[in-house]
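Asker: Structure of the sequence below:
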Amino acid sequence: MLIRAICYTKPDIGSPAEARLEGFIEGSIRSLLRILEHRGIPVSPAARARITACTDFNLTEIWLDNVFDVTSAEELIRLDDV
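Answerer: This next block holds a predicted model:
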């Protein structure tokens, strides 16, 4: 089951809100990788690079909503094509 996040507009560059958003994205990425590891799902170098390069709040929300339902890291990162 795919779940879409609520669309969020990025705050002004250099604002405190942008710094918080970047921190949230970084924390989400760390959580995604830890969950995949805990579930025993290998993360290829290409998948890790795609996940760690993400700067899209909405996409990290989609990935977090679906990380427990996928069977591979590649399946997770393909959700950005949906």
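Asker: Which residues are in contact with the spatially most central residue of the chain?
Answerer: The residue lying closest to the centre of the chain (CA atoms, centre = their mean) is residue 60, at 2.8 Å. Residue 60 makes contact with 24-25, 28-29, 32, 54, according to CB atoms under 8 Å, 6 or more residues apart in numbering. To be clear about C-beta, it is placed using only N, CA and C from the backbone, and glycine gets the same treatment.
Asker: what does the one helix or strand in the chain whose mean pLDDT sits lowest contact?
Answerer: The helix or strand of the chain with the poorest confidence is helix 16-38; it has a mean of 90 (mean pLDDT, DSSP states H and E). Residues from elsewhere that reach helix 16-38 (CB under 8 Å, 6+ apart): 10-12, 43, 48, 51-52, 54-57, 60-61, 63-64, 67-68, 73, 76.
Asker: So what's the gap between it and the chain middle?
Answerer: Centroid displacement of helix 16-38 relative to its chain, using CA atoms, centre = their mean, to the nearest Å, is 7 Å.
Asker: Could you identify the helix or strand that succeeds it?
Answerer: helix 45-52 (DSSP states H and E).
Asker: and the angle for the least confident helix or strand of the chain with helix 45-52?
Answerer: 150 degrees (axes from the mean of the first three to the mean of the last three CA atoms, to 10 degrees).
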